[in-house]
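*Asks:* Next one to model:
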Amino acid sequence: MMDADMSCKNLPNLVSSFVDTFVDFCVTGIFLPDAPSPPLLQTSFPSPHRLIAIGDLHGDLLKSKQALRLAGLIDSNDRWSGGSSTLVQVGDVLDRGGQELKILYLLEKLKREAVKSGGNVITMNGNHEIMNVDADFRYVTPSGLDEFTNWADWFCIGNNIKNLCHGLEKPKDLYDGIHSTSFARVKQEYVKGFRSRVAALRPQGPIATRFLSKNLTVVVVGESVFVHGGVLPKHVVYGLERINEEVRDWMTGLKPRVGSSLVRGRNSLVWLRIFSNEVAKDCDCTMLEHVLSTIPGARRMIMGHTIQEDGINGACDNRAIRIDVGMSKGCINGLAEVLEITENSGVRILTSNPIMMYDKHDSLSIDSSIPIPKQVEVEA
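*Replies:* Next comes the predicted model:
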């Protein structure tokens, strides 16, 4: 009798979980595996035996999978095959493409699968994640609007089903406070897409809370500092862990807007380019050395944000490594490349480029005799 009573009490939650799974699959074709208890916010991690860094993805699911396969992190069925490896994706999943949600779901699935193998997947905020939470949709594509419209339709269907289940708290209206009249300057065929995107990505929105709030804005893994744009001394003084907490709390609606010096403006963590200018000699090496010296154990800074048309490269004696290669078709449709750091082989580039030439950036030599995928030595 007690077991029956417990089953009845749990039934509403089981229905809610089933509906969420149903909506997830209808939107992305992905069943998210059961997740372990979420870890506490963590800003630093010890050195893994193998560390992979992937740059900006911008809504291109095909290129995202190519990069993951190039690194040996997923198999032919898109399941985690990286064992105990750690993956860091440095942000800018959103904008410029039409499969943004599919990438977010894929990375979430891989997070859950990696943990079971002793691995780790760390996702980060880029300037485009911040822009979208701010409802700045300058770089949204029509296909990106369509994807969010489809998500919103299924999400509302799920809420309607939940409303039929006694014992569940009534879901909040997805579009609460978002009126069509707010989009008077938007073409009529795009209004629903914009409303859906605002609803999903605003602070406390379902997608912002479920996915983006789990992103880090700056993280230290072993000897490497990861950030989308760059870290300045003022950011270190402010506190890296404090930054991650405040961005998370803003996205979940717990705290008001985060200070502009942190995530908005040319000198913020996600917009800074003084270390990623494609012309290596323009990298501010003096500033970089100063920043790294203030972060215990930091040897290098790894960042995305600025497209490197000649591929992943290093500057300032490879203390700055720039990994945004513009893979997305919405950017320059660059060939997939990833950065690998291992205990035995040091730092090298894995690339799908069949023709490699000598790279002038800070004298990084590239061995064109190595078969695909190329393995390019960056530092010992």
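
*Asks:* which residues in the stretch 1-150 of the chain form helices?
*Replies:* Counting by DSSP state H, counting those that start in this stretch, the stretch 1-150 of the chain has helices at residues 2-28, 61-70, 100-116, 127-133, 142-163.

*Asks:* where does the stretch 51-200 of the chain dip in pLDDT?
*Replies:* Low-confidence regions of the stretch 51-200 of the chain, defined here as pLDDT under 70, do not occur.

*Asks:* For the nearest residue to Gly83 once chain neighbours are set aside, the count of nearby residues, please.
*Replies:* Closest residue to Gly83 in three dimensions, ignoring its sequence neighbours and counting by Cβ to Cβ, 6 or more residues apart in numbering: Ser117, at 5.3 Å. All C-beta atoms are positioned from the backbone trio N, CA, C, and that covers glycine. Per other Cβ atoms under 10 Å, the neighbour tally for Ser117 reads 13.

*Asks:* And Ser117, how close does it get to Asn344?
*Replies:* To Asn344, Ser117 is 20 Å away according to Cβ to Cβ, to the nearest Å.

*Asks:* one step back: how about the helices of the stretch 1-150 of the chain, which one is nearest Asn318?
*Replies:* Each of those was scored for nearness to Asn318 using Cβ to Cβ, and the closest is helix 61-70 (20.9 Å).

*Asks:* next one: the closest one to chain centre, how far?
*Replies:* Centroid separation for helix 61-70 versus its chain: 14 Å, with Cα atoms, centre = their mean, to the nearest Å.

*Asks:* Low-confidence regions, the stretch 201-350 of the chain specifically.
*Replies:* Low-confidence segments of the stretch 201-350 of the chain (pLDDT under 70): 280-281.

*Asks:* Now do the strands for it: every range, in order, please.
*Replies:* 218-221, 224-227, 300-303, 313-315, 320-322, 337-342, 346-351 (DSSP state E, counting those that start in this stretch).

*Asks:* out of the ones you listed, nearest to Leu168?
*Replies:* strand 218-221 (36.3 Å).

*Asks:* Val270 is nearest to which of the strands of the stretch 201-350 of the chain?
*Replies:* strand 224-227 (7.7 Å).

*Asks:* Determine the set of other helices and strands touching the closest one.
*Replies:* Counting contacts by 3 or more Cβ pairs under 8 Å, 6 or more residues apart in numbering; DSSP states H and E, strand 224-227 is packed against strand 50-54, strand 218-221, strand 300-303.

*Asks:* could you redo the last one with a cut-off of 10 Å?
*Replies:* Helices and strands in packing contact with strand 224-227 are listed as strand 50-54, strand 86-89, strand 218-221, helix 240-251, strand 300-303; criterion 3 or more Cβ pairs under 10 Å, 6 or more residues apart in numbering; DSSP states H and E.

*Asks:* List the strands paired with it, with their directions.
*Replies:* Each strand paired with strand 224-227, and its direction, by DSSP bridges: strand 218-221 (antiparallel), strand 300-303 (parallel).

*Asks:* pretty sure Leu335 is touching Gln66, no?
*Replies:* Yes - Leu335 sits in contact with Gln66 when judged by Cβ atoms under 10 Å, with a separation of 8.6 Å.

*Asks:* tell me, what's touching these two both at once?
*Replies:* Between them, Leu335 and Gln66 share these contacting residues under Cβ atoms under 10 Å, 6 or more residues apart in numbering: 327, 352.

*Asks:* Can you get me a residue count around Glu278?
*Replies:* 17.

*Asks:* so it touches Ile312, yeah?
*Replies:* No - the criterion here is Cβ under 10 Å, and Glu278 misses it with Ile312 at 11.7 Å.

*Asks:* need the contact list for the closest residue to Ile157 other than its chain neighbours.
*Replies:* The shortest distance from Ile157 to any non-neighbouring residue, by Cβ to Cβ, 6+ apart, is to Val23 (7.2 Å). The contact partners of Val23, by Cβ under 10 Å, 6+ apart, come to 151, 153-159, 161, 206.

*Asks:* re earlier: from the helices of the stretch 1-150 of the chain, which stretch is densest packed?
*Replies:* Between those, the one whose residues have the most neighbours on average, counting mean count of other Cβ atoms under 10 Å, is helix 127-133 (a mean of 25).

*Asks:* got the CA coordinates for that helix in CSV?
*Replies:* The C-alpha trace of helix 127-133 is given here as CSV (Å, rounded to 0.1, in the frame of the first residue of the first chain):
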residue,chain,number,x,y,z
ASN,A,127,29.8,37.5,-26.7
HIS,A,128,27.0,36.0,-28.7
GLU,A,129,25.5,34.1,-25.8
ILE,A,130,25.6,37.4,-23.8
MET,A,131,24.0,39.3,-26.7
ASN,A,132,21.2,36.8,-27.0
VAL,A,133,20.3,36.9,-23.3
